[in-house]
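Participant: Provide a 3D model corresponding to the input given below.
(3 chains)
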Amino acid sequence: MAVKKMGLKQKYAHLTRGLDWETTYEKMDDVFPYDKFEGIKITDWSKWEDPFRLTMDSYWKFQAEKERKLYAVIDAFAQNNGQTNISDARYVNVLKLFLTGISPEEYQAHRGFAFTGRHLRGVGPRVACQQQSLDELRHFQTQCHTISHFNKFFNGLSEFRTMHDRVFYLSVPKSFFDDARTSGPFEFMVAIGFAFEYVLTNLLFVPFMSGAAYNGDMSTVTFGFSAQSDESRHMTLGIEVIKFLLEQHPDNLPIVQEWVDKWFWRGFRLLGLVSMMMDYMLPKKVMSWKEAWEIYFVEAGGTLFKDLERYGLKMPKYHEQATEACEHISHQLWGLLYQLSHVAGLHAWMPSDEDMDWLSEKYPNTFDKYYRPRFELWKQQEAEGKRFYFNGLLQLCHTCQLPMTFTEPDDPTTTCFRESEYEGQHFHFCSDGCKDIFDREPEKYISSWLPIQQIFQGNCGGPTVPDVLKWYMFGPNDGAEYVGSEDHKLWESWKNTTTKEAAE
Amino acid sequence: MPVKAIVENYKDFNPHRDLPEQYHGNLMVYLYWNKHMSFVAAMAAPLPPPTPFGALPEVAKSVYGTHPDFEKIDWSKVEWTLDGKPITPDFAKTIGEQGVRHKSLIRFTTPGLNGFDGKYV
Amino acid sequence: MAQIASITLYQNDEARPVMEAILQDNPTARVLNMPGAVKIDVDDELVINRATVEEKLGSEWDCQQIHMVLISMAGNLDEDDDRITLSWKH
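Facilitator: Purely as a prediction, here's the structure:
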């Protein structure tokens, strides 16, 4: 007798629900001790649906195929010296920021989903979390493997693991994930699954990977889009967790809304680093940060939140401020890197005249008025042989851990300062969003490891700047101005060789 | 609102990492020059409480001294705020005596100096 | 205003039959080409029919093979053996 092939829905039911059981000689609450303390009420775990209905057997099959394709491309890139065909060596600084600032967070996400999957008592989300945990590990590995090829030629990549744990600007992504991973499992799911993966991740991967494609970096495009195909599944998990929590009990709404508000703002601050990559670091530009924000937040996010209105969930608090700030943040953050690159593990440079004209066109309301004059001042100083660097330590936001560089929502010529008192101490914030996050849980954030504070406390290798940079494991040629750097000289030597050979 | 935690004694696991006594006798002081937006953020300096207020221009110079406006500053005309409140500092007295605490923010405005090209840069 | 259901696919040969099937079965579809990727927007609901993809491809296609070419999407997803739907309808 021929065995009839099971349909997708039937197979999913057998390979998830069919494999679960109620414990008998240990109490369920003892086996799953973490899924109640956050105040979330779940009445029926079986209502969880994975709309992709992806079971572990299919998961392995598809992931194996993705891996085979990806590694074939990575090999081809290395064999063909793909690094010589990128648009410009400035581009490699994007990879430095990515490998030191994003790849370690893939690993943090792997750990976080492994924990969350273990501690949710519903089998549907447990399977989905297990898949996501494995995906995130895969992303970390493939990113290391891909970028390791660039490490053979360029500075700033070799000590990325240590750098991630120590370097001042890398505490921005690190503290974001530390915060998520020290939350309960539901908050973690809303933070990473919903706010980050669903609402914001398109802004990280789609324009960035398109940027890699446009700048001749075939290997990075491939790992990026290979990761992004997993990301679609993660987005589905993220939206599913929101719907599930809101359908389970009306008491969940205010808790979920607070998490959405918090993690939207934290994600927005983190993605500021991407705004700078898109507007300033890609030698050939794909779209502006503002355009990407319009497509992926204003339009796609607007549609999403309109759909979620039926549960009473509102747009994240301060989303108007975030949209308004899109006119500014990439310029402010490139200014930050420009003047701090001497204490960074990557290079910065003066935008070319063409780049500045592109920025004027993309940011007609702000670039010429507020930001072009900064570059003009710095250009003048460069011409006088006094390339501008910020020669000291600076004030950080206690929540997002970025330098306090952002401006008042209605005044780009005034830095935004917000402050709270807790247990007799001052705490400073870059925005209303970051202040609210602290004020909601001050007991948590008093323990934040703020890099500048830690330098003053004597915990970062010594009292002088060279001591700290050594402790960061920066090489002597990793940072400062791009023009004249080893990377720059290497690139020029490649280009000259090509021209000479072509002429012969 | 208190943090929701799985243990009752959450605070025992989560100490302050930013108390004055962790700074070897110094105050961490933030110094910010209004309307000079080309500087990324307020500078941070570890200063002992007996530092005279009059030493602050020299402290500021270490970072802000690269700006063409800096040498034009008439310090007798500078307007100061400490943690949001206007103050008239006595340069001869110490910062500790004049209310500067750990992580105080001192902002100064330089009348007539509005940045490069008058553009708050 | 219509809510936009959207899918982003690789810009490659494997994704092309899927893209063609979407354009055929969703008359209001709009295409945004980016380096390496293509984003397709449809008002309210976007449908991918297995039968149409198979017709374009000239061989069998399993809906779950979408995972091999998918970059991103927007809309509530439903997937079974015959079709994938991204929709804001309830």
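
Participant: going forward, measure contacts between C-alpha atoms and count neighbours the same way
Facilitator: OK.

Participant: Those residues of chain A touching chain C, which are they?
Facilitator: By CA under 8 Å from any CA of the partner chain, the part of chain A that sits against chain C consists of A:7-9, A:51-53, A:62, A:66, A:202, A:206, A:209-211, A:213-214, A:221, A:225-226, A:228-232, A:236, A:286, A:300, A:303-304, A:307.

Participant: List buried members of these by neighbour count.
Facilitator: A:8, A:51-53, A:62, A:66, A:202, A:206, A:209-211, A:213-214, A:221, A:225-226, A:228-232, A:236, A:286, A:300, A:303-304, A:307 (16 or more other CA atoms under 10 Å in any protein chain shown).

Participant: Touching, A:Arg126 and A:Phe113? I think so.
Facilitator: No: A:Arg126 is beyond contact range of A:Phe113, at 9.2 Å (criterion: CA atoms under 8 Å).

Participant: So for these two, which sits in the more crowded spot?
Facilitator: A:Phe113 (28 against 20; other CA atoms under 10 Å in any protein chain shown).

Participant: What's the mean pLDDT across the strand or helix carrying that one?
Facilitator: Assigned by DSSP states H and E, A:Phe113 belongs to helix A:103-119. Helix A:103-119 shows a mean pLDDT of 96.

Participant: Check stretch A:340-360 too.
Facilitator: The average pLDDT within stretch A:340-360 is 98.

Participant: What residues are bridge-paired with the residue positioned nearest the centre of chain B?
Facilitator: For chain B, B:Tyr30 is the residue whose C-alpha lies nearest the centre (CA atoms, centre = their mean; 2.3 Å). In this structure, B:Tyr30 bridges to B:Ala44, B:Leu105 when assessed by DSSP bridges.

Participant: counting residues per helix, which one in the chain is longest?
Facilitator: Since you didn't name a chain, this refers to chain A. Ranked by residue count under DSSP state H, the longest helix found in chain A is helix A:218-248.

Participant: oops, I was thinking of chain C
Facilitator: Max-length helix for chain C by DSSP H is helix C:16-25.

Participant: what's the helix or strand following that helix in contact with?
Facilitator: Once the chain leaves helix C:16-25, the next helix or strand it forms, by DSSP H and E, is strand C:30-34. Under the criterion CA atoms under 8 Å, 6 or more residues apart in numbering or on different chains, residues A:210, A:286, C:38-42 lie in contact with strand C:30-34.

Participant: now strand C:30-34, how far from the centre of its chain.
Facilitator: With CA atoms, centre = their mean, to the nearest Å as the basis, strand C:30-34 stands 13 Å off its chain's centre.

Participant: cool, and stretch A:252-264?
Facilitator: For stretch A:252-264, the separation from the chain centroid amounts to 20 Å (computed by CA atoms, centre = their mean).

Participant: tally of neighbours for the residue in chain C positioned nearest to chain B?
Facilitator: Of all residues in chain C, C:Asn76 sits closest to chain B, at 31.8 Å by CA to the nearest CA. Per other CA under 10 Å, the neighbour tally for C:Asn76 reads 19.

Participant: what bridges to it?
Facilitator: Beta-bridge partners for C:Asn76, by DSSP bridges, are C:Ser87.

Participant: Please verify my assumption that it contacts C:Ser87.
Facilitator: Yes: C:Asn76 is within contact range of C:Ser87, at 5.1 Å (criterion: CA under 8 Å).

Participant: May I have the residues that are in contact with A:Ala89?
Facilitator: A:487-488, A:491.

Participant: what about burial for those, which qualify?
Facilitator: Taking 16+ other CA under 10 Å as the criterion, what is buried in those is A:487-488, A:491.

Participant: And the helices in chain B?
Facilitator: Under DSSP H, chain B gives helices at B:10-13, B:56-64.

Participant: Out of the ones you listed, which gets nearest to chain A?
Facilitator: Among the helices of chain B, helix B:56-64 comes nearest to chain A, with 5.1 Å by CA to the nearest CA.

Participant: how many neighbours does A:Ile74 have?
Facilitator: Count around A:Ile74 with other CA under 10 Å applied: 21.

Participant: what helix or strand does the residue nearest to A:Tyr59 when sequence neighbours are not counted sit in?
Facilitator: Using CA to CA, 6 or more residues apart in numbering or on different chains and skipping the chain neighbours, the partner closest in space to A:Tyr59 is A:Gln131 (7.6 Å). Per DSSP H and E, A:Gln131 falls inside helix A:123-151.

Participant: right, and the helix or strand after that helix?
Facilitator: helix A:160-166.

Participant: Average pLDDT for that next one, rounded please.
Facilitator: Rounded mean pLDDT across helix A:160-166 is 95.
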